[in-house]
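Peer 1: Turn this into a model:
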Amino acid sequence: MKTYFARAAALTLVLLAFFRTEALAAPSSAQIKAAMQVQARQESELLSLPGVVAVGVGMSQDGSRAVLRVHVDTSAGNPVLPPTIEGLSVQRVDLPGPIEAKDQCLNPANAVCLHQQPQKPPIKMGVETSPNNFVVFTAGANMGKSRGFVGTMGFRVQRNAALPNVATDVGYITNNHVAANNEFLNAAGDTAGNCPTQVNPQFIPTVLDQCQPGQPNPGPCLAAPPPGPPVALISGSLVQVVPIVMSPLAGGSFRNTMDVAFVLQNNLAPASNSILDLGIPTGPIAPMLGQTVCKSGRTTGLTAGNVVAINTTVLVRFTNACGTPQFVNQAAAVFVNQIDVVSKDGCNPQNGFIGNGDSGSPLVVCYPACRNNLITSPGVTPLPGEPPLIVPGLSAVGLMFAGNSDVNDTLGSEGFANRLDVVLPGLGVHLF
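Peer 2: Numbers count the residues shown, from 1 in each chain. Next up, the predicted model:
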């Protein structure tokens, strides 16, 4: 399936044994604080090195020490990194390509799982969505074909100013680059690019109505559900978006904290507070090193991972057309204070945690039971023999938005999420 981002192949982790269980120790808060101080002093210099695309605070293989986790896109450079910086161990992660935003070029023939199908209202989170931007090419190589870009519905929320326990100003959040994307067609009628709502250059959303599932699959998006089986419905209207500021690939001075948009629900097709395959989340809570987390997304469905780094600064690639004249064909955005999640060993097919189309997926604490690379139970509560809960199961942690690509340019073992305890107050909303 064609996408419009730079290609990426297999992810190589230097420390393969880093896939760990939630029962291992984690660095102390004092160690993490000290590591963040080192990161703050050294991050700019590290990001200026050719190929370095992310720097965060992670932990050693045995979980006892904080480390500096540095991602290197080896297609862009192969810098020599020291084993330690200011006494802090450096943990290098080699990527054969860039970290990308994870929306998906939709092909109607590929809607095969429940997450991609029309949902009967109230619409659960973790399922496919897109702007209602049905496109039929009338010329060029794609003449007669139709397509759009899709992502995932994240969490049901309510504006903070609304009356408590009253279903007004209710909707859901997903990524800016899902709900507020802008598609560009060239003179031949082919897609030239797809950009989020952003500044430098300025792009504003061209379509406000959102569809579930994403257009053009499986057909016209209706305002009200008719009798009979579920059909594609208008899930809501885009009412709020945090613009993204682009930077040069070398790592400019602009910093983003979230890739997020708020969609006010269509009351004829309201949003559910339950996440498909998981249930009703609580929280939000702060991410912690070593947490076991689950996400429910449009493309890969229910997958499990471990939080391997926090406070991560990451350079995320978008379509080249999104760049400014100062750095044309180098469209990227720097995000700070992000959550770094790696696929939990033995839980996910092909070790894939995130795929194209999973942008906007809700990320929650979980305790999954896994067998043969499949999750047999999401494990809301600890399994027998596991330690007592640090936090309740299904505590909301983050909103997925980016990742690497390992398999067929679509599936990645490492993903990045906005912190939900930053996103919600930033938008002025709360879980509802």
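Peer 1: Wait, a helix at residue 55?
Peer 2: No - going by DSSP: H, G, I helix; E, B strand; the rest coil, the assignment for residue 55 is strand, not a helix.
Peer 1: show me the contacts for the residue nearest to residue 372 when sequence neighbours are not counted.
Peer 2: Once flanking residues are discounted, residue 372 sits nearest to residue 346: 8.0 Å by Cβ to Cβ, 6 or more residues apart in numbering. In short, each C-beta sits where N, CA and C put it, glycine included. When contacts are counted by Cβ atoms under 8 Å, 6 or more residues apart in numbering, residue 346 touches 370-373.
Peer 1: any idea which element residue 346 lies in?
Peer 2: Using DSSP states H and E, residue 346 is not contained in any helix or strand.
Peer 1: Run a quick neighbour tally on residue 77.
Peer 2: Residues lying near residue 77 (other Cβ atoms under 10 Å) number 12.
Peer 1: Quick check: the gap between residue 88 and residue 57.
Peer 2: 9 Å (Cβ to Cβ, to the nearest Å).
Peer 1: pLDDT weak spots in the chain?
Peer 2: Applying pLDDT under 70 to the chain flags residues 1-25, 104-112, 134-148, 183-193, 215-219, 248-253, 319-321, 323-331, 379-392, 406-410.
Peer 1: so what strands line up beside the strand ranked longest in it?
Peer 2: The longest strand of the chain (DSSP state E) is strand 301-317. Strand 301-317 pairs in its sheet with strand 52-59 (antiparallel), strand 99-101 (parallel), strand 292-297 (antiparallel), strand 332-343 (antiparallel), by DSSP bridges.
Peer 1: follow-up on the earlier one: which of residue 88 and residue 57 has more residues huddled nearby?
Peer 2: Ranked by neighbour count (other Cβ under 10 Å), residue 88 and residue 57 place residue 57 first, with 27 against 19.
Peer 1: thought that one was touching residue 70?
Peer 2: No - using Cβ atoms under 8 Å, residue 57 is not in contact with residue 70, being 10.9 Å away.
Peer 1: would TSV of the contacts of residue 346 with neighbour count be doable?
Peer 2: Putting those into TSV (neighbours: other Cβ atoms under 10 Å) gives the following:
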residue	neighbour count
370	16
371	10
372	8
373	14
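Peer 1: Narrow these to those in strands?
Peer 2: Those of these lying in strands (DSSP E): 370-371.
Peer 1: Tell me the one among the contacts of residue 346 nearest to residue 290.
Peer 2: For the contacts of residue 346, the minimum distance to residue 290 (Cβ to Cβ) is 16.9 Å, reached by residue 370.
Peer 1: Enumerate every residue touching that closest one.
Peer 2: Counting by Cβ under 8 Å, 6+ apart, residue 370 has contacts 304, 344, 346-347, 376.
Peer 1: mind running it again at 6 Å?
Peer 2: Residue 370 makes contacts with 346-347, as judged by Cβ atoms under 6 Å, 6 or more residues apart in numbering.
Peer 1: Ok, the one 3 residues further on next?
Peer 2: Each residue near residue 373 by Cβ under 6 Å, 6+ apart is listed here: residue 349.
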